[in-house]
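Peer 1: below is the structure, and that's it, no one-letter string:
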């Protein structure tokens, strides 16, 4: 019934690309300053990717919080209605018992 967060199918491809980039980055690190810049660029890219995922999680969390609030309100209303119907039911039972005794 509920919506699940979509799985990212491209995670495996990204991980493979990341592993390749790390290998290339470590090879380039031996080359001097150019390698360090590549590593820094890769780190910045990973940080950006992590931030985007965090934002996606936050948006899902906010959406779920809204749904939770709606459900809480709905359950409170349902409980109130249930109590009202139970009172009416007991009243009718009492009326019927009085009718039988007369």
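Peer 2: Nice, thanks for sending it over. Here the structure is a predicted model, which means the values were calculated and not measured.

Peer 1: show me where the chain has its helices.
Peer 2: 11-29, 33-101 (DSSP state H).

Peer 1: residue contacts, residue 61?
Peer 2: Going by C-beta atoms under 8 Å, 6 or more residues apart in numbering, residue 61 touches no other residue. The C-beta positions use only the backbone N, C-alpha and C, and glycine is treated the same way.

Peer 1: which residues of the protein score low on pLDDT?
Peer 2: 1-33 (pLDDT under 70).

Peer 1: can you do 90?
Peer 2: 1-37, 98-102 (pLDDT under 90).

Peer 1: what's the neighbour count on residue 47?
Peer 2: Here the number of neighbours of residue 47 (other C-beta atoms under 10 Å) works out to 10.

Peer 1: for residue 42, same thing?
Peer 2: Residues lying near residue 42 (other C-beta under 10 Å) number 15.

Peer 1: from residue 55, how far out is it?
Peer 2: 21 Å (C-beta to C-beta, to the nearest Å).

Peer 1: please apply the same query to residue 96.
Peer 2: Taking C-beta to C-beta, one finds residue 96 at 61 Å from residue 55.

Peer 1: repeat for residue 98
Peer 2: 65 Å.

Peer 1: swap in residue 85?
Peer 2: Residue 85 is 45 Å from residue 55, by C-beta to C-beta.
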